[in-house]
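Trainee: Show me the folded form of this:
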Amino acid sequence: MPDYLPYETLTIAAASLAATGMVTMAALRGWQGWLTLKLRELERRPATAGADSAPADVHRAARIELADLKERVRQLEAIAAGVDL
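Mentor: Numbering: from 1, shown residues only. Predicted coordinates for the structure are as follows:
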């Protein structure tokens with residue numbers, strides 16, 4: 001067994017560890033940048049005081065949409081049960 005083999009193995013292990021560290025640091029930096037971006041997006045959104053402060057049109061539209069969804073569910077249940085509407 002040659003004498004240089006342990007040093008070569010040690011060099012490869014050290015280089016692999018360094019490469020893994022560099023990739024990990026780059027991924028961590030990208031993750032932190034993404035979190036910062038999302039935080040800035042959240043900060044730019046207008047803050048709402050709650051559901052009570054929304055205009056009446058929004059509530060009306062939500063009720064209409066909910067009624068439409070309930071009608072669709074009723075129709076799908078009727079189709080599944082084999083009832084002809």
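Trainee: Report the distance from the strand or helix carrying residue 24 to the chain centre.
Mentor: Taking DSSP states H and E as the definition, residue 24 sits inside helix 5-44. Here the centre of helix 5-44 is set off from its chain's centre by 21 Å, with Cα atoms, centre = their mean, to the nearest Å.
Trainee: And for stretch 61-74?
Mentor: 28 Å.
Trainee: For that stretch, give the mean pLDDT please.
Mentor: When pLDDT is averaged over stretch 61-74, the result is 89.
Trainee: just stretch 35-53 next, same as before
Mentor: On average, stretch 35-53 scores 77.
Trainee: The spatially most central residue of the chain and residue 28, how far apart?
Mentor: With distances taken as Cα atoms, centre = their mean, the residue of the chain nearest its centroid is residue 38 (10.3 Å). Note on residue 38: its distance to residue 28, by Cβ to Cβ, to the nearest Å, is 16 Å. In this view, the C-beta of every residue, glycine as well, is placed from N, C-alpha and C.
Trainee: ok, residue 21 - how many residues close by?
Mentor: Per other Cβ atoms under 10 Å, the neighbour tally for residue 21 reads 10.
Trainee: let me redo that: residue 35
Mentor: Count around residue 35 with other Cβ under 10 Å applied: 10.
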